[in-house]
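Asker: Predicted model and sequence follow; I will ask about them next.
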Amino acid sequence: MPGKLSLDELKAAVAAGEIDTVLAAQVDMQGRLMGKRFQAEFFLESAVEETHACNYLLTVDMEMEPVPGYRSASWEKGYGDHVLKPDLGTLRRVPWLPGTALVICDTLDHHTHELIPHAPRSVLKRQVARLEAMGMRAMAATELEFYLFRDSFEQAHAKGYRGLEPVSPYNEDYHIFQTSKEEEVMRAIRLGLNGADVPVENSKGEAWAGQEEINIRYADALTMADRHVVVKNGIKEIAWSKGHAATFMAKYDYEAAGSSSHVHQSLWSHEGQPLFHDPSAEHGMSALMRNYLAGLLTHATEFTLFLAPNINSYKRFMVGTFAPTKAVWSTDNRTAGYRICGLDTRAVRVECRVGGADLNPYLAIAAQLAAGIAGIEAKLDLEAPFSGDAYHGEGREIPRTLRDATAALDGSAMLRAAMGDDVVDHYVHAAKWEQFEYDRRVTDWEIARGFERS
Ligand code: ADP
């Protein structure tokens with residue numbers, strides 16, 4: 001892939017004066033890249049082995065508030081450092097930033113140099129390792145939807161993120177003409193990402209004014225999660241450089257469609273055989289795939305928090321909007337939370353449609369792998385597929401609130417066994433803080449409704 005860099009290629013590019021800056025970044029709980037910009041020579045001299053950051057980075061909320069009450073880091077413990085260990089397999093050029101390369105880092109304990117269990121990359125690595133031990137590899141793709149605006153980030157901020165003008169004046173789902181008008185940004189995004197070791201399949205207009213979708217080629221689960229965070233950060237940087245704001249909020253406006261991140265998943269043997277495919281079975285779905293999907297459905301409520309981690313995420317689950325409200329499965333039916341794609345082909349796979357564009361891909365994929373493994377281990381039977389309009393049918397409801405999803409995660413024996421109690425407790429605490437912060441705020445909605453008339 002263009003843009004992938006070996007360490008030797010980085011050294012040569014630095015020597016040639018082509019690269020002068022290396023970004024070394026970990027991923028935080030919100031799925032954001034957090035780290036430092038290294039002078040390239042110093043990166044090669046030192047940070048290539050390891051660097052460090054304040055360990056509050058795995059306790060902060062969206063606002064960088066050092067949230068109290070975590071066991072791993074606190075004022076009492078003095079907020080020390082943790083180690084950022086570059087994963088050199090993720091080293092890549094960042095074509096849209098001059099002279100710049102990026103490496104994603106694992107987060108290690110400062111004293112033991114062990115992976116910090118609740119760091120998102122560690123959480124996913126743990127489930128990937130479980131599958132490896134079972135002789136399987138998970139392949140995944142996380143589609144991303146987002147909104148693009150005529151306003152810049154600076155203008156949007158100055159307007160309080162209200163009254164923004166989307167790049168298109170109308171619903172541009174699949175539109176070629178409208179998306180041609182957006183090519184100055186979208187083409188730069190596709191080409192930029194492709195030049196950063198992120199193979200783009202396509203971009204398209206999505207189902208509201210200003211809404212876009214980008215599809216990236218599927219890969220093993222960890223590589224895909226790494227691509228996802230590079231894509232999100234890259235889209236914001238490229239949009240910003242061209243004077244546009246972009247948002248990945250699950251629901252930025254009550255009237256507008258929500259933005260999702262559908263997660264495609266399949267299991268393969270180490271020899272590259274698609275284990276979800278059985279040509280002789282119904283829809284080409286193997287018994288293993290049926291067990292895996294049954295695991296997803298059985299535990300769907302418990303891992304919702306990892307697909308919808310914010311207060312805002314739950315505003316997206318609305319009837320008749322293409323965002324699902326039921327955790328049921330179906331073949332080629334976009335009203336169901338789980339859809340089977342690639343029926344009767346080697347590419348047969350599960351598409352989970354529940355997650356919002358605000359999900360953390362490492363956690364979302366890890367939680368689903370854990371549920372799938374539970375389904376395989378228990379050889380769970382798959383219920384009958386749903387047909388018809390799932391919005392108005394019977395079936396397992398997706399939790400409607402962060403509060404309900406938090407309680408379901410807290411009570412999940414499956415996720416506690418798969419991820420570890422400390423990891424589950426960590427994310428339950430993060431969710432409770434998000435809820436606490438929201439509960440005491442006065443919203444625009446309350447003021448508009450009550451100020452004069454109550
Ligand atoms: P949609 O109509 O939902 O956009 P696409 O056909 O565009 O579906 O595919 C969506 C994603 O699925 C792409 O990112 C693609 O790389 C990925 N994908 C294709 N085959 C597999 C597979 N076997 N396992 C996981 N993901 C896959």
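Answerer: On my side now, so go ahead. Numbering: from 1, shown residues only.

Asker: Show the residue spans covered by the strands in the stretch 301-450 of the chain.
Answerer: Along the stretch 301-450 of the chain, the segments classed as strands by DSSP state E, counting those that start in this stretch run 329-331, 338-341, 349-352.

Asker: now the least confident helix or strand in the chain by mean pLDDT: how far from the chain's centre is it?
Answerer: Ranking every helix and strand in the chain by mean pLDDT, DSSP states H and E puts strand 329-331 at the bottom, with a mean of 93. Taking C-alpha atoms, centre = their mean, to the nearest Å, one finds strand 329-331 lying 23 Å from the centre of the chain it belongs to.

Asker: and what of stretch 246-266?
Answerer: On C-alpha atoms, centre = their mean, the centre of stretch 246-266 falls 11 Å from the chain's centre.

Asker: buried ones in it?
Answerer: 246-253, 256-266 (16 or more other C-beta atoms under 10 Å). In short, each C-beta sits where N, CA and C put it, glycine included.

Asker: Okay, now that stretch: how far is its last residue from its first?
Answerer: 30 Å (C-alpha to C-alpha, to the nearest Å).

Asker: how about the least confident helix or strand of the chain, does it reach the ligand?
Answerer: No - where contact is defined by C-beta under 6 Å from any ligand atom, no part of strand 329-331 touches the ligand; the two come within 13.1 Å at best.

Asker: The buried residues of stretch 246-266: which ones sit near the ligand?
Answerer: Answer for those near the ligand (C-beta under 6 Å from any ligand atom): 262, 264-266.

Asker: re earlier: in CSV, list the strands of the stretch 301-450 of the chain along with mean neighbour count.
Answerer: Putting these into CSV (neighbours: other C-beta atoms under 10 Å) gives the following:
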stretch, mean neighbour count
strand 329-331, 21
strand 338-341, 21
strand 349-352, 24
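
Asker: Of all those strands, which one is nearest residue 53?
Answerer: Residue 53 lies closest, by C-beta to C-beta, to one member of the strands of the stretch 301-450 of the chain: strand 349-352, at 31.7 Å.

Asker: which residues touch that closest one?
Answerer: Contacting residues not belonging to strand 349-352 are listed as 139, 262-266, 276, 289, 292-293, 296, 307, 329, 337-342, 368 [C-beta atoms under 8 Å, 6 or more residues apart in numbering].

Asker: So which bits of the protein are right by the ligand?
Answerer: Close to the ligand, as judged by C-beta under 6 Å from any ligand atom, the chain has residues 139-141, 143, 201, 215-218, 262, 264-266, 341, 347, 349, 351.

Asker: Narrow those to those in helices?
Answerer: Using DSSP state H to define helices, no part of the residues of the chain next to the ligand is located there.

Asker: Okay, and which of those map to strands?
Answerer: 139-141, 201, 215-216, 264-266, 341, 349, 351 (DSSP state E).

Asker: As JSON lines, the residues you listed with pLDDT and distance to residue 379 would be great.
Answerer: JSON lines is the format used below for these (pLDDT from 0 to 100; distance: C-beta to C-beta, whole Å):
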{"residue": "139", "pLDDT": "98", "distance to residue 379": "22"}
{"residue": "140", "pLDDT": "98", "distance to residue 379": "23"}
{"residue": "141", "pLDDT": "98", "distance to residue 379": "27"}
{"residue": "201", "pLDDT": "98", "distance to residue 379": "34"}
{"residue": "215", "pLDDT": "98", "distance to residue 379": "33"}
{"residue": "216", "pLDDT": "98", "distance to residue 379": "33"}
{"residue": "264", "pLDDT": "98", "distance to residue 379": "24"}
{"residue": "265", "pLDDT": "98", "distance to residue 379": "19"}
{"residue": "266", "pLDDT": "98", "distance to residue 379": "19"}
{"residue": "341", "pLDDT": "96", "distance to residue 379": "24"}
{"residue": "349", "pLDDT": "98", "distance to residue 379": "20"}
{"residue": "351", "pLDDT": "97", "distance to residue 379": "23"}
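
Asker: Relative to residue 362, which of those residues is nearest.
Answerer: Distances from residue 362 to these, taken as C-beta to C-beta, are shortest for residue 140 (10.7 Å).
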